[in-house]
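*Asks:* return a 3D structure for these sequence lines:
(one chain, ligands or ions: 1)
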Amino acid sequence: MSQFEGYDLGCLRGGWPVFAHLDFTLDAGDALLLVGPNGSGKSSLLRLLAGYIPPAVGELRWQGVPVAKDPDLHRARTRYLGHQDAIKAPLTPREDLAFWTKLHAQPHRLVEEALKAFALEALADRPGRLLSAGQRRRLALARLTVSPGPLWLLDEPTVGLDTASQKALVAAIARHRAAGGNLVMATHQALPGVTDRAQRLDLAHYRPRAPDAEALLA
Ligand SMILES: Nc1ncnc2c1ncn2[C@@H]1O[C@H](COP(=O)(O)OP(=O)(O)OP(=O)(O)O)[C@@H](O)[C@H]1O
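*Replies:* Model (predicted):
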């Protein structure tokens with residue numbers, strides 16, 4: 001049985017059809033790369049996979065069980081990183097990572113390991129509001145490594161990332177996949193070690209046309 005599957009998914013945003021008849025199947029450890037032009041629905045699909053927006057049609061299944069049966073369980077397995085890094089302004093990176101480590105009952109040593117992996121040691125005691133865009137993104141990615149969850153949904157995670165942090169992300173993804181986790185990632189950029197080792201789904205192929213659009217709007 002596959003780990004994570006989407007069947008005949010269709011999506012509406014603001015009442016307009018974005019994609020239709022979209023299927024995917026991921027086994028444990030598989031990664032899926034979402035590509036396609038601006039507005040083709042990559043971010044919408046990630047939000048749908050996270051459970052933030054319901055599919056207009058179709059179904060998501062985790063280990064054969066419809067995700068809609070237990071949305072809380074799906075949220076608990078999902079780590080979503082969108083365009084906003086959602087860094088808490090008053091918390092330092094060390095406090096932020098300690099919070100997530102504790103929340104997920106992980107060993108405290110992971111905090112220092114994550115700070116090191118994403119080159120945040122020198123910034124570890126600076127309030128989040130003082131971090132640059134790339135530094136905030138590094139902290140958001142470091143959080144993934146202290147909050148284990150089998151489904152990573154990453155929207156353009158390499159935007160603003162320097163080369164060293166891209167390598168840290170590649171290593172974190174490799175560990176996640178080796179442990180049986182799944183990755184779905186939207187990107188316009190190649191990330192060697194990840195984008196060359198993933199299934200590709202081009203959203204341009206799922207643009208609804210009549211009568212698909214009419215069916216979604218019905
Ligand atoms: N919050 C929203 N409300 C209504 N429509 C939206 C919303 N967000 C996106 N859309 C629409 O949904 C469609 C798909 O947008 P989406 O952001 O998913 O595309 P994308 O492939 O991620 O684009 P990009 O490459 O520019 O990030 C677009 O037509 C967009 O206008």
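*Asks:* tell me the centre residue of this protein?
*Replies:* residue 153 (1.4 Å; CA atoms, centre = their mean).
*Asks:* from residue 210, how far out is it?
*Replies:* Going from residue 153 to residue 210 by CB to CB, to the nearest Å gives 31 Å. Placement of C-beta: from N, CA and C, glycine included.
*Asks:* same check, this time on residue 115
*Replies:* Distance of residue 115 to residue 210, given as CB to CB: 53 Å.
*Asks:* flag every residue of this protein that's near the ligand.
*Replies:* Counting by CB under 6 Å from any ligand atom, the chain comes close to the ligand at 13-14, 18, 36, 38-44, 186, 203.
*Asks:* so which of the residues you listed are in helices?
*Replies:* Counting by DSSP state H, the part of the residues of the chain next to the ligand found in helices is 42, 43, 44.
*Asks:* rewinding a little: between the residues of the chain next to the ligand, which sits nearest residue 26?
*Replies:* Nearest to residue 26 among the residues of the chain next to the ligand is residue 186, at 15.1 Å by CB to CB.
*Asks:* the closest one touches residue 47, doesn't it?
*Replies:* No - in this structure, residue 186 is not within contact of residue 47 by CB atoms under 8 Å, at 10.5 Å.
*Asks:* quick one: which of these two has more around it?
*Replies:* residue 186 (25 against 18; other CB atoms under 10 Å).
*Asks:* you'd agree residue 100 is in a helix?
*Replies:* Yes - assignment of residue 100 by DSSP: H, G, I helix; E, B strand; the rest coil places it within a helix.
*Asks:* surely it and residue 145 touch.
*Replies:* No - Residue 100 lies out of contact with residue 145 (CB under 8 Å); the separation is 9.5 Å.
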